[in-house]
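>>> build me a model from this:
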Amino acid sequence: MTTPSRIPRFSRGPAIAAAIALIALAIGFRLLRATTLPELPNFSPIMAIAVCGALVLPGGLAMLIPLIALAITDLALNAHYGVALFDRAEILSYGCYAVGVASGLGLRRLGAGSLATMGTVGANSLLFYVVTNSVCWFDNPAYAKTLAGWAQALTVGVPGFPPTWIFFRTSLVSDLLFAGGFLVAVHFLTRERAPHPAVAARA
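I've put the predicted structure just below:
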């Protein structure tokens with residue numbers, strides 16, 4: 001006999017439907033934000049999608065749906081901005097997404113609560129930021145290939161552009177907002193209701 005995934009008080013079918021709907025909304029917002037709301041740089045819940053999707057979706061869908069959704073939007077955005085569809089930074093980004101998915105699966109196996117989920121989302125958001133900005137530091141000749149140059153890539157960035165820490169701030173805020181909204185929405189939309197006392201008495 002297999003042990004069911006630990007998603008306390010959730011009805012599995014509605015939870016899956018709610019998770020897919022919320023991921024679709026987040027992906028739609030990511031496309032909308034990047035194309036029409038440039039004043040919100042990096043405000044897209046990338047890591048929250050990976051972690052929260054794996055927290056609820058079953059089996060292979062936990063890996064496939066978040067990664068495919070992110071891949072489709074990355075391809076669309078790269079084509080929109082006229083940049084390479086796949087490069088080293090992109091490949092490492094997907095490595096970070098995979099870590100996020102694995103983190104969500106781990107949370108589900110442990111039956112972790114909301115605080116652990118939010119902390120995991122925040123940690124994965126930080127990991128994504130450090131990895132992607134480290135690649136920029138290595139590839140961009142504007143950065144000195146020293147510890148000071150790496151620190152610059154992670155904080156103030158290249159002169160003439162917004163500081164890179166702002167991108168991390170907006171990314172972290174969007175991840176935490178999506179994760180919090182995801183947890184609340186899935187809980188209230190799919191929790192199993194206790195039977196009415198009269199029904200329980202006749203049981």
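>>> mind checking pLDDT for Arg9?
Looking at Arg9, its pLDDT reads 42.
>>> kindly report the same for Pro58.
79.
>>> what about the helices in the chain?
If DSSP state H is used as the criterion, the helices of the chain fall at 12-36, 46-56, 61-81, 88-110, 114-139, 147-154, 164-190, 197-202.
>>> who's in contact with the residue nearest the centre of the chain?
Taking C-alpha atoms, centre = their mean as the criterion, Met47 is the residue nearest the geometric centre of the chain, at 2.0 Å. If you count contacts by C-beta atoms under 8 Å, 6 or more residues apart in numbering, Met47 has them with Cys96, Tyr97, Gly100, Val121, Asn124, Ser125, Phe128, Ser171, Asp175. Quick note: C-beta positions are derived from backbone N, CA and C, even for glycine.
>>> the spatially closest residue to the second one that is not a sequence neighbour: how many residues sit nearby?
The shortest distance from Tyr97 to any residue that is not its chain neighbour, by C-beta to C-beta, 6 or more residues apart in numbering, is 4.9 Å, and that residue is Ala50. Other residues near Ala50 come to 32 when the count uses other C-beta atoms under 10 Å.
>>> verify the stated contact: Ala50 with Gly100.
Yes: using C-beta atoms under 8 Å, Ala50 makes contact with Gly100 at a distance of 3.2 Å.
>>> can you check which residues contact both of the two?
In contact with both Ala50 and Gly100: Pro66, Asn124, using C-beta under 8 Å, 6+ apart.
>>> next, count neighbours for Ser125.
There are 25 residues near Ser125, going by other C-beta under 10 Å.
>>> cool, and Ile27?
Around Ile27 there are 20 residues (other C-beta under 10 Å).
>>> okay, the closest residue to it other than its chain neighbours: pLDDT?
Excluding the flanking residues, the one nearest Ile27 by C-beta to C-beta, 6+ apart is Ala69, at 5.0 Å. The per-residue pLDDT reported for Ala69 equals 79.
>>> then Leu77?
In this model, Leu77 is scored at 74, pLDDT.
>>> that one reaches Leu32, doesn't it?
No: Leu77 lies out of contact with Leu32 (C-beta under 8 Å); the separation is 11.2 Å.
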